[in-house]
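Asker: Got a predicted structure plus its sequence, pasted below:
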4 protein chains.
Amino acid sequence: MKGQRRGQIMAAARRLFAERGMSAVAIADITRAAGLSVGAFYLYFPNKEELLRQLLEETGRTLRHTLAAAFQLKGSPLDRFENAGRAFFDKFCNGQRDMLVLILRESVGANADIEEQRKAIFQLLIDDVVGAITRVSGRRGRATSRRAQVVAVSLLGMLERVAYHYYIWETGSKDRRKVAEEALAFIRAGLGSVLREGN
Amino acid sequence: MKGQRRGQIMAAARRLFAERGMSAVAIADITRAAGLSVGAFYLYFPNKEELLRQLLEETGRTLRHTLAAAFQLKGSPLDRFENAGRAFFDKFCNGQRDMLVLILRESVGANADIEEQRKAIFQLLIDDVVGAITRVSGRRGRATSRRAQVVAVSLLGMLERVAYHYYIWETGSKDRRKVAEEALAFIRAGLGSVLREGN
Amino acid sequence: MKGQRRGQIMAAARRLFAERGMSAVAIADITRAAGLSVGAFYLYFPNKEELLRQLLEETGRTLRHTLAAAFQLKGSPLDRFENAGRAFFDKFCNGQRDMLVLILRESVGANADIEEQRKAIFQLLIDDVVGAITRVSGRRGRATSRRAQVVAVSLLGMLERVAYHYYIWETGSKDRRKVAEEALAFIRAGLGSVLREGN
Amino acid sequence: MKGQRRGQIMAAARRLFAERGMSAVAIADITRAAGLSVGAFYLYFPNKEELLRQLLEETGRTLRHTLAAAFQLKGSPLDRFENAGRAFFDKFCNGQRDMLVLILRESVGANADIEEQRKAIFQLLIDDVVGAITRVSGRRGRATSRRAQVVAVSLLGMLERVAYHYYIWETGSKDRRKVAEEALAFIRAGLGSVLREGN
DNA sequence: TATGAATGAGAGTTCATTCAT
DNA sequence: TATGAATGAACTCTCATTCAT
């Protein structure tokens, strides 16, 4: 019951934030879209910021699960990274566009607490990727760990900006499938050289 | 004279925006910091948004010049890309932190017109990189052009997120110099494989 | 309930506008006088201008009803015109002084949209009078219609300036009753000659 | 020299006020149109309000002279009134449209001091007409004087609203010449009955 | 639980007026 | 005389949050 109402509010907010931008959406817009009263909002969220924080948390969870699930699949190490990347484009960018916009655009620079949440999400994602790289390469050590972290950050940056460019701005090539494959190939090349190296 | 006052306002705004975030800074805060009256602001800018737009434009210009200047230097193609990347970290991220924050954090999702300006800046940067890749690899064709573009977008994404992670959030390794070198090495690897390929 | 608050605001605004003049009255003055907060104003009116527009509309309605009701009464054609004129002075100028000031002074030259509303009100009043003249005189034709219209405009002008002079400025003779009767007699003389003519 | 500058300012202001409305015209607009600096304005006028006051004074003077000059011409009493009315439409409404707008629209409800000036102008005009009526009818006495005053006020009201309707709003019949003649005929009828009466 | 009218601090913007040059 | 950059009070409007019902 309570979860249901909360869910309605979050869904409406997610859509409106992605559509019009956070600051252009008032609480009243959200509750109107969700079919309840302004007062009800404060029964489920202490304030507007907390709503965004939870939306972001949910987005982070969804994104991690999407990537992790794809990474589980059988295959060579590089295949598994590629699968995760493909899932990002196919499942997340295409299937959860509102979340994509939320995490890449609307939550950026919103406010200090939100930024903290964003940071936490990215930290988890990076840890995931660092873990994967480490397990696959089998190497250890401070320098190696730093390298793995920088690579992880870079990989996420690539996915992020390709998504922003082609899925949010919808600039450049309209054939997203091919764009995604190019990006994945490029990532594979870079990642391949990292994993190979030192062997 | 006029340019001077404008400069004072822009400098104060740049600093405050980077410090507290765009929406948390009122016109009165900016003018107070710049040692002027509220009214004076409107002598130099038609409105708050236009100030941000100009700040962003300036940032884009500075960034492009920084990268282009480093790319001009003699060396192998890969060296030149590396030089540009190194200039990004050394000159831009370190030397112009406020601008870095402005373009990567504060201007994101601020509003439709600002987003347009951001898009324009990224477009120019991408075109620069695509041009560089194309001249170096000497290949042409629609598929090649799309590949070059995706690679350019990815490269920028890597630089962007590494900068955000280590220079804005200041997360992870504190040794930015080494981080930068790791990132450059990773970029070099990916780029190398792209340029080599097909020969 | 909602109508009540709106009514409070309109009443306070009507009074203050008439007292101090439109442009000298801030929203905060109105809401203070109405015993509400500034924000409440915008619950009932989209902006200040719309408040004036509605006040003007209400005034136009009241004025037309006052004149029409008096004109309905039995009597010779000239008597009926005289009754309407007398109602204007007795009922409207005396009983609704704020409205009188609003339509004759405060709404003049306020702004293009308000002027449009004023024009619409006068148009209706003129059509009413033209209709009355036409029905009474029983004549038709383009020239006659123009004449009726000019006469209607003139009659309204007489009432208007007499009201402005004696009821708003309170210049000249203080005995408004006699002034009104003089004015009505003058109108009757002019109108009589128009209606008689051509028989 | 001084008068010249002042004249430039007044001419520019007169035009702009009539065009856009008093409150929509800033001092800077006026001085820009007059080809001098903002500061210069305050060399010739102590403030904005005084400018309007003087503009109004000038308008009142022009109007009185126009009417008086036409009234001087030879003819029967009624002819002389008619001549004055015709001069109002031909010379003032047609020839000095900006002044017409100024006195009938822009100065209304502008502010207490301006209203005072308007009142003074109307008082003079009324006295002129009362004087004319009295000289022509040759009667005296308090009641007669009140009647003459009410008639004078009414006459001005007729002229005023006909002017507003057909020359400012440009509503109704487009043939202003005929409209003016109708109005003059109506005035003549009313006035005729007043002058005749009691003989 | 649920409502939505009410609040009021705070934002951006304007512009008559001043004054150092 | 003349300039026009600078001032800052004042205004309209927004919206997250509260609370009586």
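Answerer: On my side now, so go ahead.

Asker: show me what contacts the residue in chain A positioned nearest to chain C?
Answerer: Taking Cβ to the nearest Cβ, chain C has its nearest neighbour within chain A at residue A:28, 11.6 Å off. Where C-beta positions appear, they are placed from N, C-alpha and C, glycine not excepted. By Cβ atoms under 8 Å, 6 or more residues apart in numbering or on different chains, residue A:28 lies in contact with residue A:38.

Asker: Which residue, neighbours along the chain excluded, lies closest to the most centrally placed residue in chain A?
Answerer: Centrality entry for chain A: nearest residue to the mean C-alpha point is residue A:63, 4.8 Å, by Cα atoms, centre = their mean. In space, and not counting its chain neighbours, residue A:63 is closest to residue A:92: 5.9 Å by Cβ to Cβ, 6 or more residues apart in numbering or on different chains.

Asker: List the contacts of the one you found.
Answerer: A:62-63, A:66, A:99-100.

Asker: Three-state assignment for it, please.
Answerer: Here residue A:92 is helix, with the state taken from DSSP: H, G, I helix; E, B strand; the rest coil.

Asker: For it, give me the pLDDT.
Answerer: pLDDT, residue A:92: 98.

Asker: Roughly how far does it sit from residue A:59?
Answerer: 9 Å (Cβ to Cβ, to the nearest Å).

Asker: likewise residue A:114?
Answerer: For residue A:114, the distance to residue A:59 - Cβ to Cβ - is 12 Å.

Asker: same deal with residue A:46?
Answerer: Applying Cβ to Cβ to residue A:46 and residue A:59 gives a distance of 20 Å.

Asker: Quick check, residue A:192 in contact with residue A:76.
Answerer: No - contact criterion Cβ atoms under 8 Å: residue A:192 and residue A:76 do not qualify, at 10.2 Å.

Asker: Just want to know which of these two has more residues nearby.
Answerer: residue A:192 (16 against 10; other Cβ atoms under 10 Å in any protein chain shown).

Asker: Please enumerate the helices of chain A.
Answerer: Ranges of helices within chain A are A:2-20, A:27-34, A:38-44, A:48-72, A:77-87, A:95, A:97-101, A:112-137, A:142-163, A:176-196, based on DSSP state H.

Asker: Could you list the domains of chain A?
Answerer: The record's domain parsing of chain A by automatic domain parsing lists A:1-45, A:48-196.

Asker: Residue of chain A closest to chain D, please.
Answerer: residue A:24 (29.3 Å).

Asker: give the contact list for that residue.
Answerer: Contacts of residue A:24 (Cβ under 8 Å, 6+ apart): residue B:111.

Asker: Residue numbers of chain A in contact with DNA strand E?
Answerer: By Cβ under 7 Å from any atom of the strand, the part of chain A that sits against DNA strand E consists of A:1-2, A:5, A:36-40, A:42-43.

Asker: quick one: which of these is nearest to residue D:164?
Answerer: residue A:38 (47.4 Å; Cβ to Cβ).

Asker: Please tell me I have it right and that closest one contacts residue A:26.
Answerer: No - Residue A:38 sits out of contact with residue A:26 when judged by Cβ under 8 Å, with a separation of 9.2 Å.

Asker: residues near the residue nearest to residue A:35 when sequence neighbours are not counted, how many?
Answerer: Nearest residue to residue A:35 in three dimensions, chain neighbours excluded: residue A:8, at 6.8 Å (Cβ to Cβ, 6+ apart). By other Cβ under 10 Å, 18 other residues sit near residue A:8.

Asker: Give the full set of residues in contact with residue A:171.
Answerer: A:165, B:119, B:123.

Asker: got a list of what the first one touches?
Answerer: In this case it means residue A:165. Applying Cβ under 8 Å, 6+ apart, the residues contacting residue A:165 are A:171-172, B:122, B:126, B:153.

Asker: quick one: least confident of those residues?
Answerer: Scoring these by pLDDT puts residue A:172 last, at 83.

Asker: Counting neighbours, what do you get for the residue nearest to that one when sequence neighbours are not counted?
Answerer: Using Cβ to Cβ, 6+ apart and skipping the chain neighbours, the partner closest in space to residue A:172 is residue B:149 (5.5 Å). The local packing of residue B:149 (other Cβ under 10 Å) involves 23 other residues.

Asker: got it, and residue A:166?
Answerer: Around residue A:166 there are 23 residues (other Cβ under 10 Å).

Asker: thought it was touching residue A:179?
Answerer: Yes - between residue A:166 and residue A:179 a contact is recorded at 5.1 Å, counting by Cβ under 8 Å.

Asker: Any chance you could list residues touching both of those two?
Answerer: With Cβ under 8 Å, 6+ apart, residue A:166 and residue A:179 have common neighbours A:172-173.

Asker: List the residues that are in contact with both of residue A:92 and residue A:59.
Answerer: residue A:99.

Asker: Residue numbers of chain A in contact with chain D?
Answerer: Taking Cβ under 8 Å from any Cβ of the partner chain as the test, the list of chain A residues beside chain D is empty.

Asker: Quote the end-to-end distance of stretch A:32-41.
Answerer: Distance between the two ends of stretch A:32-41: 10 Å, counting by Cα to Cα, to the nearest Å.

Asker: how about low-confidence regions in chain A?
Answerer: Along chain A, segments meeting pLDDT under 70 span A:1-2, A:197-199.

Asker: Near DNA strand F, which residues of it are found?
Answerer: A:24, A:26-28, A:38-39, A:41-42, A:47-49.

Asker: Please check these and keep the buried ones.
Answerer: Among those, those classed as buried by 16 or more other Cβ atoms under 10 Å in any protein chain shown are A:27, A:41, A:48.

Asker: wait, which of those residues is closest to residue A:131?
Answerer: residue A:48 (34.7 Å).

Asker: The closest one against residue A:27, yeah?
Answerer: Yes - here residue A:48 reaches residue A:27: they are 6.0 Å apart, a contact under Cβ under 8 Å.

Asker: got a list of what residue A:56 touches?
Answerer: A:102-103, A:107, A:114, A:117-118, A:121 are the contacts of residue A:56 under Cβ under 8 Å, 6+ apart.

Asker: Distance check, it against residue A:128.
Answerer: 17 Å.

Asker: ditto for residue A:139
Answerer: 18 Å.

Asker: do the same with residue A:96
Answerer: Taking Cβ to Cβ, one finds residue A:96 at 18 Å from residue A:128.

Asker: Residue A:8 now?
Answerer: Relative to residue A:128, and taking Cβ to Cβ, residue A:8 is found at 31 Å.

Asker: Repeat that for residue A:69.
Answerer: Taken as Cβ to Cβ, the span from residue A:69 to residue A:128 is 12 Å.

Asker: Compare those two (neighbour count), which wins?
Answerer: residue A:128 (17 against 13).

Asker: Quick one: residues contacting that one.
Answerer: Contacts of residue A:128 (Cβ under 8 Å, 6+ apart): A:64, A:67-68.

Asker: related to what we said a few turns ago, residue A:87: which of the contacts of residue A:56 is nearest?
Answerer: Closest to residue A:87, out of all of these and judged by Cβ to Cβ, is residue A:103, at 15.6 Å.

Asker: ok, for the closest one, nearest residue in space, not its chain neighbours?
Answerer: Nearest residue to residue A:103, sequence neighbours excluded (Cβ to Cβ, 6+ apart): residue A:59, at 4.9 Å.

Asker: re the thing from before, format the contacts of residue A:56 as CSV; extra columns: neighbour count.
Answerer: Converted to CSV, the contacts of residue A:56 look like this (neighbours: other Cβ atoms under 10 Å in any protein chain shown):
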residue, neighbour count
A:102, 23
A:103, 24
A:107, 25
A:114, 21
A:117, 22
A:118, 23
A:121, 19
